[in-house]
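Asks: sequence first, then the predicted structure:
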Amino acid sequence: MTIRLNIHKIKNYAKFLIIMVLIAILGLVSITIGSKSENISAESLRDEFGIAYTEDIEENGNVVEIDLEASEGEIEIFDGYKTKVWNYNGSVPGPEIRIKLGDTLKVNFTNNLPDETTIHWHGVRVPNAMDGVPGINQDPIEPGDSFVYEFTPKDAGTFWFHPHVRGSEQLERGLFGTLIVEDDISDQYSKDIVWVVDDWRLTDNYQVDPYFVTGHDLAHDGRWGNVITVNANLNESLTVQPGERIRLRIVNSSNARVYAPSFGRLDAKIIAVDGMYVKEVQNASNFELSPGNRIDVDIKIPSDADGESYKIFDNYTRYSNQLGIINVEGEVVETPSFEYPTNPYIPDWEDAINAEVDKEYRLNARRTSGGMGMMGGIEWTINDKAYPDYEPFEFKYNEFNKIKFTNESYRLHPMHLHGQFFKVISRNGKQVNELFFRDTVLLGPQETVEIAFIPLDKGEWAQHCHIQEHADAGMMNTVIVK
Ligand SMILES: [Cu+2]
């Protein structure tokens, strides 16, 4: 009786074991299939990127060497009134540095400001030590000191440079310039023009309002000025001949203001965003140009346009502002005929919406305790940390990575990632296919944006809101590419 019962028990136990083993095998198989499909998806997204941009650049051996000095100076924004500024090489904007793709740029920089500073080369994929962020890439350059920046840009396009120390004051006072890396296409246009769009908060005496990072600016979308200029001119104008084809490179160097340039009747197409060629051109009007962003616009002037004037307006806010004017006069010239320059290798990444999020960044603000009055008692945070308190996150080199930004606040945040170009994958959960890369993406109030990128440039890179007041009040951290 006892024996039989035991045998019975053993039989049941064997059955149980067999079932458990089967379940385990099934589980293993399904896990393997599952992870395989995930791997395949990440790999195929990497493959789809292909050679959308290169990891390295072949240097041509040509070194362009320039001296750059930051110092105090004056400019005339309003006729007859001097405005005190800080500037590079005596002008605002600073020099328009032009080099060819493959050239090495060597900048002998001297700081003659009354404040420490650095230079960040916005959008340029530089060696990490040349990226100009104190505490991450280099020490601040003290007044009277010098530093040599030397690098070979890997991409042709429209880039710019500015300090990465107290940008809320240093950019506002006039420290910014442009770096144009030319390729063979640059020469084919009738004209290649740079417009740096900026706004200033001037006092009644035409001076830069010295109250930087006010509580109001901090609690809102940063410092929006009361005067808008292009190349520091109130009425920037460009004179062209009928039939010309112009490349207009527009840079937003403002601390905080967003623009939506509108080109009216002009045949104007965006050929590049944030320096990089687009996959397909689009009409140039109403692109949201947030602080840090650039667009390159291909404009064809009609051959029967003699005597015409084309006004370019900013329509981002309710109040339309004239940015500049294009006047047409003179003899008709033959319109340069060539295909729009594009980058057909930009991936569509249609499956990216289903890929796993590698890192989520929540953007928000909080009141600070105590009397840190300078920053108006508000800190801007990423994942509840305010720089210099931050948590670096490691991204996978040469693999597909996805970031989700969740704006928990009601303010704007143009998020800028150093050293990388990325594509926007979704907005508020809805898939989007922007036909271009970016280095800065604007998040609206309470908006969620997913971006994806293939990091090809190693090192620790800053990531921050490009509203200077928000960044200076903590909205910055880093990503590490190993
Ligand atoms: Cu912000």
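Replies: Alright, I've got the coordinates. Source: prediction; values computed, not measured.

Asks: with only the CA atoms kept, save the longest strand seen in the chain in PDB.
Replies: The longest strand of the chain (DSSP state E) is strand 63-75. What follows is strand 63-75 as a C-alpha-only set of coordinates in PDB (Å, rounded to 0.1, in the frame of the first residue of the first chain):
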ATOM      1  CA  VAL A  63      45.300  74.700 -42.100                       C
ATOM      2  CA  VAL A  64      43.300  77.900 -41.800                       C
ATOM      3  CA  GLU A  65      44.700  79.900 -38.900                       C
ATOM      4  CA  ILE A  66      42.900  82.900 -37.400                       C
ATOM      5  CA  ASP A  67      43.300  85.100 -34.400                       C
ATOM      6  CA  LEU A  68      40.100  85.600 -32.400                       C
ATOM      7  CA  GLU A  69      39.800  88.100 -29.600                       C
ATOM      8  CA  ALA A  70      36.900  88.500 -27.300                       C
ATOM      9  CA  SER A  71      36.700  92.000 -25.800                       C
ATOM     10  CA  GLU A  72      34.500  94.900 -24.900                       C
ATOM     11  CA  GLY A  73      33.400  97.300 -27.600                       C
ATOM     12  CA  GLU A  74      30.600  99.400 -29.100                       C
ATOM     13  CA  ILE A  75      28.200  99.100 -32.000                       C
END
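
Asks: give the other helices and strands that it contacts.
Replies: strand 83-88, strand 96-100, strand 104-112 (3 or more Cβ pairs under 8 Å, 6 or more residues apart in numbering; DSSP states H and E). For every residue, glycine as well, the C-beta is placed using N, CA and C.

Asks: for the ion, find the nearest of the ones you listed.
Replies: Nearest of the helices and strands packed on strand 63-75 to the ion, taken as Cβ to the ion: strand 83-88 at 23.0 Å.

Asks: now do that closest one: which elements does it pack against?
Replies: Using 3+ Cβ pairs under 8 Å, 6+ apart, strand 83-88 sits against strand 63-75.

Asks: strand partners of the strand it packs on, parallel vs antiparallel please.
Replies: Sheet pairing of strand 63-75 (DSSP bridges) gives strand 83-88 (antiparallel), strand 104-112 (parallel).

Asks: for the ones you listed, give me JSON lines that also has mean pLDDT, mean neighbour count and distance to the ion.
Replies: Output for these, formatted as JSON lines (pLDDT from 0 to 100; neighbours: other Cβ atoms under 10 Å; distance: least, Cβ to the ion, whole Å):
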{"stretch": "strand 83-88", "mean pLDDT": "98", "mean neighbour count": "22", "distance to the ion": "23"}
{"stretch": "strand 104-112", "mean pLDDT": "98", "mean neighbour count": "18", "distance to the ion": "27"}
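
Asks: and those as a markdown table, adding distance to N233?
Replies: Shown next, in a markdown table, are the strands paired with strand 63-75 (distance: least, Cβ to Cβ, whole Å):
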| stretch | distance to N233 |
| --- | --- |
| strand 83-88 | 12 |
| strand 104-112 | 25 |
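
Asks: closest one to I325 among those?
Replies: strand 83-88 (22.4 Å; Cβ to Cβ).

Asks: chain center to the closest one, what's the gap?
Replies: The chain centroid and the centroid of strand 83-88 are separated by 24 Å under Cα atoms, centre = their mean, to the nearest Å.

Asks: who touches it?
Replies: 68-77, 92, 94-95, 113, 170, 173-177, 200, 202, 206-208 (Cβ atoms under 8 Å, 6 or more residues apart in numbering).

Asks: ok, of these, which come out buried?
Replies: Buried members of these, counted by 16 or more other Cβ atoms under 10 Å: 68-71, 73, 75, 77, 92, 94-95, 113, 170, 173-177, 200, 202, 206, 208.
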